[in-house]
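Asks: fold the following and give me the result.
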Amino acid sequence: MKETHPTVLIAVPLLLENLYKNIMKNIRKSKKEKLVSAMMQITNALKGFGIDVKRKVFREIYEGIGGNLRIVVSAAAPIDIKVGKWYSDLGILFLQGYGLTETSPIAAVTPDYETKIGSAGKTIIHGIIKTDNPKGKKEGELLISTNTLMLGYYEDDEATNEAIECDEEGRRWFHSGDIGYVTEDNYIYITGRIKNVIVTQNGKNIYPEELELLLSSTQEIEECMVYGKEVEGEKELIVTCRVIPNYEKIKELYGKQSEEEIYQIIWNRIKEVNKKVTNYKAIKRLEIKEGEFIKTSTKKIKRYVEVKEGKVKGIV
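Replies: Residues are numbered from 1 along each chain as shown. Sure thing, here's the model as predicted:
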C-alpha cells in the first residue's frame, strides 16, 4: 500500500480486520489510543456541521496505508461492525458488497450516498432481492433475481433446477443459501448460511456467524469457528467453538502461560460472550485449534472440511 498509494481497497474481511488490528497495535504502542478515540468523536461532530478535517487530523495513519485511501469495500464474508465503523470514523468511505459466483458476482452493494454499516447494501439496478419466509418470520432465505444471474450450472440441469425457480411472471429467482432480511428501505442484512445453522431439538435456530462476530473483538482470540458438534449419548448438537488463540497477545497481557491456562483464559472470554446471548445460543464447549484453519481461496473457513479433518489439541 505504501508503494502503490491505492485510492480504493476491495478486500475480504480477514484482510481488513488484520489491517485494523495492526494499526491499532501501533497506536497502543505509541500510547495514543485515547487521543485517537477522542479525535474521532470530535471530527465526527465537526463533520456533522460540514467541516471535514479527518485527513489532516489522522495524516500519520493515512501515510501508513499509502496516503490516498478514500474507499474500502468489504465482501465475501461478514465483518465486525466495530471495524467498519472505525474505517468510517477515520474518514474512509466504508462500503459492503454481496453476491455469489452464480450472480456474476455482485448482487447488492452499499450506496455511497447513504451508507449503513452492518448492511450488505441495496440490490443492484434492475435487480430484486427478497426473503423466502412462508411462516411470516422476519428472516428467511434470500432469493436473488438480477440481470447478472447465471443461465445455469454447466451441463447440470438438475442442480440448475434446484437452485433457480421461475415465478408466474417468468422471473428467475436464485436460492442463495443465505439467511437474512430486507428492510422497508431495501437494505439487506445477512444473518447466516442455511448450511451452517445449528437447529435445536425444539426448533430454535443458532447462527454460528452471530457468535463468531461477538467473539471477533476478543483480543485473546486470533480466529474462531462455531459449529454444532455431535457427541455420543447427546440428542442435541453441542454448540462448540474452535479457537486459534492469539498467543502473542496472551503473553503480552498475562505473561507466559501453559496450554491449560490459555484454555481457561479463552473460556473465561467465551463465558462473557455467553452472557450477551439467550441461553440456547450459549457456547458449551471449547476446542483449541492446532495450526491454521482449512480455508477457501477467499479466506473463508471450509467448515465441513474443518470439522472432519481439522486437528485440535488435547485440551477440549
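Asks: from now on I want contacts and neighbour counts done on CA atoms only, so please keep to that.
Replies: Fine.
Asks: low pLDDT regions in this protein?
Replies: When residues are selected by pLDDT under 70, those of the chain lie in 134-136, 314-316.
Asks: helices of that one, start to end?
Replies: Counting by DSSP state H, the chain has helices at residues 13-29, 33-48, 54-57, 59-64, 81-90, 157-163, 208-215, 247-254, 259-274, 303-309.
Asks: how far off centre is the fourth one?
Replies: Centroid displacement of helix 59-64 relative to its chain, using Cα atoms, centre = their mean, to the nearest Å, is 26 Å.
Asks: can you list contacts of it?
Replies: 2, 23, 55, 67-69 (Cα atoms under 8 Å, 6 or more residues apart in numbering).
Asks: walk me through the domains of the protein.
Replies: 8-91, 98-191, 197-309 (automatic domain parsing).
Asks: okay, the ones you listed in TSV with mean neighbour count next?
Replies: Below are the domains of the chain laid out as TSV (neighbours: other Cα atoms under 10 Å):
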stretch	mean neighbour count
domain 8-91	16
domain 98-191	16
domain 197-309	16
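Asks: would you put the C-alpha positions of the longest strand seen in the chain in CSV?
Replies: Counting residues, the longest strand found in the chain (DSSP state E) is strand 172-182. C-alpha atoms of strand 172-182 as CSV (Å, rounded to 0.1, in the frame of the first residue of the first chain):
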residue,chain,number,x,y,z
ARG,A,172,-36.0,-16.3,-12.4
TRP,A,173,-35.1,-16.5,-8.7
PHE,A,174,-31.9,-17.9,-7.3
HIS,A,175,-31.9,-19.6,-3.9
SER,A,176,-28.8,-18.1,-2.4
GLY,A,177,-28.5,-20.3,0.7
ASP,A,178,-28.0,-17.2,2.8
ILE,A,179,-30.4,-16.3,5.7
GLY,A,180,-31.2,-12.6,6.2
TYR,A,181,-33.9,-9.9,5.8
VAL,A,182,-34.7,-6.9,3.8
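Asks: just list whatever residues bridge to L95.
Replies: When bridges are called by DSSP bridges, L95 pairs up with V73.
Asks: wait, it touches V72, no?
Replies: Yes - counting by Cα atoms under 8 Å, V72 is a contact partner of L95 at 6.1 Å.
Asks: related to what we said a few turns ago, F174: which of the helices of the chain is closest?
Replies: Across these, F174 has its closest neighbour in helix 157-163 (5.7 Å, Cα to Cα).
Asks: give me the contact list for stretch 141-153.
Replies: Residues outside stretch 141-153 that contact it (Cα under 8 Å, 6+ apart) are 102-105, 107, 124, 126-133, 159-160, 171-181, 194.
Asks: mind doing that once more with 6 Å?
Replies: Defining contact as Cα atoms under 6 Å, 6 or more residues apart in numbering, one finds that stretch 141-153 is touched by 102-104, 127-132, 160, 172-176, 178-179.
Asks: rewinding a little: just the contacts of helix 59-64 now: which is nearest E223?
Replies: The nearest one, if we look at the contacts of helix 59-64 relative to E223 and count by Cα to Cα, is I23, at 18.0 Å.
Asks: now the closest one, nearest residue through space, not along the chain?
Replies: I61 (7.6 Å; Cα to Cα, 6 or more residues apart in numbering).
Asks: distance-wise, check the residue nearest to the spatial centre of the chain relative to L286.
Replies: By Cα atoms, centre = their mean, the mean C-alpha position of the chain lies nearest to P78, the distance being 1.9 Å. Distance of P78 to L286, given as Cα to Cα, to the nearest Å: 22 Å.
Asks: what do you get for V231?
Replies: Distance from V231 to L286, by Cα to Cα: 14 Å.
Asks: same question, Y263
Replies: From Y263 to L286 the distance is 8 Å (Cα to Cα).
Asks: how about the strands in the stretch 101-250 of the chain?
Replies: Per DSSP state E, counting those that start in this stretch, the stretch 101-250 of the chain carries strands over the ranges 106-109, 121-123, 128-132, 140-145, 164-166, 172-182, 187-193, 198-199, 205-206, 221-229, 238-245.
Asks: and those as JSON lines, adding distance to Y304?
Replies: Below are these laid out as JSON lines (distance: least, Cα to Cα, whole Å):
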{"stretch": "strand 106-109", "distance to Y304": "25"}
{"stretch": "strand 121-123", "distance to Y304": "28"}
{"stretch": "strand 128-132", "distance to Y304": "25"}
{"stretch": "strand 140-145", "distance to Y304": "20"}
{"stretch": "strand 164-166", "distance to Y304": "24"}
{"stretch": "strand 172-182", "distance to Y304": "15"}
{"stretch": "strand 187-193", "distance to Y304": "13"}
{"stretch": "strand 198-199", "distance to Y304": "13"}
{"stretch": "strand 205-206", "distance to Y304": "17"}
{"stretch": "strand 221-229", "distance to Y304": "9"}
{"stretch": "strand 238-245", "distance to Y304": "13"}
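Asks: relative to K32, which of the ones you listed is closest?
Replies: strand 221-229 (23.2 Å).
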